[in-house]
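*Asks:* A structural model of the following input is requested.
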Amino acid sequence: MTAPEPVTIGALTSGDAERCAELEAQLFDGDDPWPAVAFERELASAHNHYVGARTAEKLVGYAGISRLGRTPPFEYEVHTIGVDPAYQGHGIGRRLLDELLGFAEGGVVYLEVRTDNEAAIALYRSVGFEQIGLRKRYYRVSGADAYTMRRAGAPPACGGAL
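*Replies:* Residues are numbered from 1 along each chain as shown. Purely as a prediction, here's the structure:
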């Protein structure tokens, strides 16, 4: 497999919503893929952080996370990660996830993932996520189950001598 052209990671914009919806339809066809308007709403929320992966020609991946709660310490929830099938297997999903975890600044992060999505589960485990639960029939359309996963937050910095 040859590596695709260089990919950069940057902010997702409302102009990307249609392309995100196209990718969603490819990636999550049987699981109620998000339409463009859902991406527009997500991007408009002040507590969300969305990033995109781009080649010189097009958007090839996207990811989003939400900050939960109103006061620190915050927890976070990964809402979505998707990579164009033609670009999978080249570390783009990992780069997108790294961006989301950077936004979380060491906070506790949660996510749901289909129990049969072995590649995603392996990626999440490789960066410290652990399975903490099972949600039966989480995906409404297909009825597929999902694991709830959690990544522990970084311990607080010591503020002086003990």
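*Asks:* From here on, just use CA atoms for contacts and neighbour counts.
*Replies:* Noted.
*Asks:* check contacts around the nearest residue to residue 140 once chain neighbours are set aside.
*Replies:* Closest residue to residue 140 apart from its sequence neighbours, by CA to CA, 6 or more residues apart in numbering: residue 31 at 6.9 Å. Neighbour list for residue 31: 139, 140, 141, 142 [criterion: CA atoms under 8 Å, 6 or more residues apart in numbering].
*Asks:* Look at the last one and tell me its secondary structure.
*Replies:* Secondary structure assignment for residue 142 (DSSP: H, G, I helix; E, B strand; the rest coil): coil.
*Asks:* From what I see, residue 136 and residue 115 are in contact.
*Replies:* No: using CA atoms under 8 Å, residue 136 is not in contact with residue 115; the gap is 9.9 Å.
*Asks:* if you count what's nearby, which of these two comes out ahead?
*Replies:* Neighbour comparison, residue 136 and residue 115: the larger count goes to residue 115, with 16 against 13 (by other CA atoms under 10 Å).
*Asks:* would you say the residue nearest to residue 140 is within a helix?
*Replies:* No: according to three-state DSSP, residue 31 belongs to no helix; its state is coil.
*Asks:* Restrict the contacts of residue 31 to the buried ones and give me that as a PyMOL selection.
*Replies:* To isolate the buried ones among the contacts of residue 31 in PyMOL, judged by 16 or more other CA atoms under 10 Å, type:
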select buried, resi 139
